[in-house]
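# Model the structure of this input:
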Amino acid sequence: MDFLLQVKIGALVGLLLLTLFFGFIPARVKWFRDTNGTETHRTILSLISCFAGGVFLAACLLDIIPDYLTDINAVLQSNMMESNFPLPEFIMAAGFFMVLILERIVLNCREMSGSGDERVPLIQENRNGHGHVHGSILTPDLESSGHHVHVDFQAHSPFRSFVLFLSLSLHSVFEGLAIGLQDTDSKVLEICIAILVHKSIIVFSLSVKLVQSAIRPAWVAAYIGVFAVMSPLGIAIGIVVIEAQLAAGALIQCILEGLAAGTFIYITFLEILPHELNSPGKQLLKVLFILLGFAVMAALTLLG
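Residues are numbered from 1 along each chain as shown. Just a heads-up that it's a prediction; the model follows:
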């Protein structure tokens, strides 16, 4: 076994273990799962969630979309497939509408079956513009005359959390593939260190969102476990492609990347950020923590 292959296998094991470690912190620590604590406890949880929202926003705008656009434009140029139609953006839009349509189908089916668990909208208010959302129950807001809503932590949709997990997992496969396809050990180490730091923050944020979605602990553990395997799986695929000298299906990979980017846009802008910004209290502090999460990821992108 040559040194390059050893470095890749080491990167594979390191990514797996570190992702599991950071992913299981929110999933296993009771403090993160307790939504009936004190006001201070709920505020801290909300601020952590806002930080996670900033992380996902940065991952969307500074990582997933730029990587996808760079890859697909390179593939289109290499295959001399030039057109005035914005195909890369269209593929992202297809991913966006795919999640939108699937979610509406799920909600419609649950409505027809009489179940209300998934019917809490992202922004909900009564005729006077005031309301507290607790699960799927709307109660009058007698505390303020402003237009706002009170959103319970359990209002996170398990379906949207699953889509968030799915899009991040698919992106992780491509991150691992980037390591597996490298032909120098220095480049493998450089990319691996960047992904280790990046993915540790991402998986922690993902775990926080899953815990807040009222998903059963066993399913949260399964999500984190599967997510942790994705980058190593990408590395393994890259190693196989290099060792067997197979021609990679670059265009298919780019299309999948584009669909994943579109789903991530939907979840970031229609689930994560609205949930936090439409919850009452500490508004400026919430924005500050969203900016902080974004700044951390931006700094890692700049350094990496």
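# In stretch 266-286, which residues are buried?
Across stretch 266-286, burial judged by 16 or more other CB atoms under 10 Å covers 266-268, 270-276, 278-279, 286. Where C-beta positions appear, they are placed from N, C-alpha and C, glycine not excepted.
# CSV for those, including secondary structure and pLDDT?
Formatted as CSV, the buried residues of stretch 266-286 follow (DSSP: H, G, I helix; E, B strand; the rest coil; pLDDT from 0 to 100):
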residue, secondary structure, pLDDT
266, helix, 80
267, helix, 74
268, helix, 78
270, helix, 79
271, helix, 71
272, helix, 71
273, helix, 80
274, helix, 81
275, helix, 73
276, helix, 72
278, coil, 80
279, coil, 74
286, helix, 89
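# What are the phi and psi values at residue 86?
Dihedral pair for residue 86: phi -80, psi 80, per degrees, to the nearest 10.
# separation between it and residue 65?
With distances taken as CB to CB, to the nearest Å, residue 86 is found 13 Å from residue 65.
# Just after the helix or strand hosting residue 12, pick out the following helix or strand.
In this assignment (DSSP states H and E), residue 12 forms part of helix 3-28. Where DSSP H and E defines the elements, the next helix or strand beyond helix 3-28 is helix 30-33.
# ok, and what's touching that following helix?
For helix 30-33, the surrounding residues in contact (CB atoms under 8 Å, 6 or more residues apart in numbering) are 25, 26, 41, 45, 48, 207, 208, 211, 217.
# hmm, back to that, what helices or strands is the helix holding residue 12 leaning on?
helix 30-33, helix 158-180, helix 185-212, helix 217-244 (3 or more CB pairs under 8 Å, 6 or more residues apart in numbering; DSSP states H and E).
# go with 7 Å
Using 3 or more CB pairs under 7 Å, 6 or more residues apart in numbering; DSSP states H and E as the contact criterion, the elements in contact with helix 3-28 are helix 158-180, helix 185-212, helix 217-244.
# For the second one, buried residues please.
In this case it means helix 185-212. So, applying 16+ other CB under 10 Å, buried residues of helix 185-212: 185, 188-189, 191-192, 194-212.
# Apart from its chain neighbours, what residue comes closest to residue 100?
Closest residue in space to residue 100, ignoring its immediate chain neighbours: residue 266 at 6.4 Å, by CB to CB, 6 or more residues apart in numbering.
# ok, that neighbour - contacts?
Going by CB atoms under 7 Å, 6 or more residues apart in numbering, residue 266 touches 96, 99, 100.
# next one: residue 289
47, 50, 51, 54.
# picking up where we left off before, looking at residue 86 and residue 65, which has the bigger crowd around it?
Neighbours per residue, other CB atoms under 10 Å: of residue 86 and residue 65, the larger number sits with residue 65, 20 against 10.
# now the residue nearest to the more buried one when sequence neighbours are not counted, what's its secondary structure?
The shortest distance from residue 65 to any non-neighbouring residue, by CB to CB, 6+ apart, is to residue 261 (5.3 Å). Secondary structure, DSSP: H, G, I helix; E, B strand; the rest coil: residue 261 is helix.
# does residue 261 really touch residue 96, like I thought?
No - in this structure, residue 261 is not within contact of residue 96 by CB atoms under 7 Å, at 8.8 Å.
# who has more neighbours, the two?
Set residue 261 next to residue 96 and count neighbours by other CB under 10 Å: residue 261 wins out with 27 against 20.
# need the contact list for the more buried one.
Residue 261 touches 64, 65, 68, 92, 95, counting by CB under 7 Å, 6+ apart.
# In JSON lines: those residues, plus distance to residue 11.
Shown next, in JSON lines, are the contacts of residue 261 (distance: CB to CB, whole Å):
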{"residue": "64", "distance to residue 11": "21"}
{"residue": "65", "distance to residue 11": "25"}
{"residue": "68", "distance to residue 11": "22"}
{"residue": "92", "distance to residue 11": "29"}
{"residue": "95", "distance to residue 11": "28"}
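# which among those gets closest to residue 243?
Distance to residue 243, by CB to CB, is smallest for residue 68 among these, at 26.5 Å.
# Now do the buried residues in the helix or strand harbouring the closest one.
Assessed by DSSP H and E, residue 68 sits inside helix 65-78. Using 16+ other CB under 10 Å as the test for burial, helix 65-78 gives 65, 67, 68, 69, 71, 72, 75, 76.
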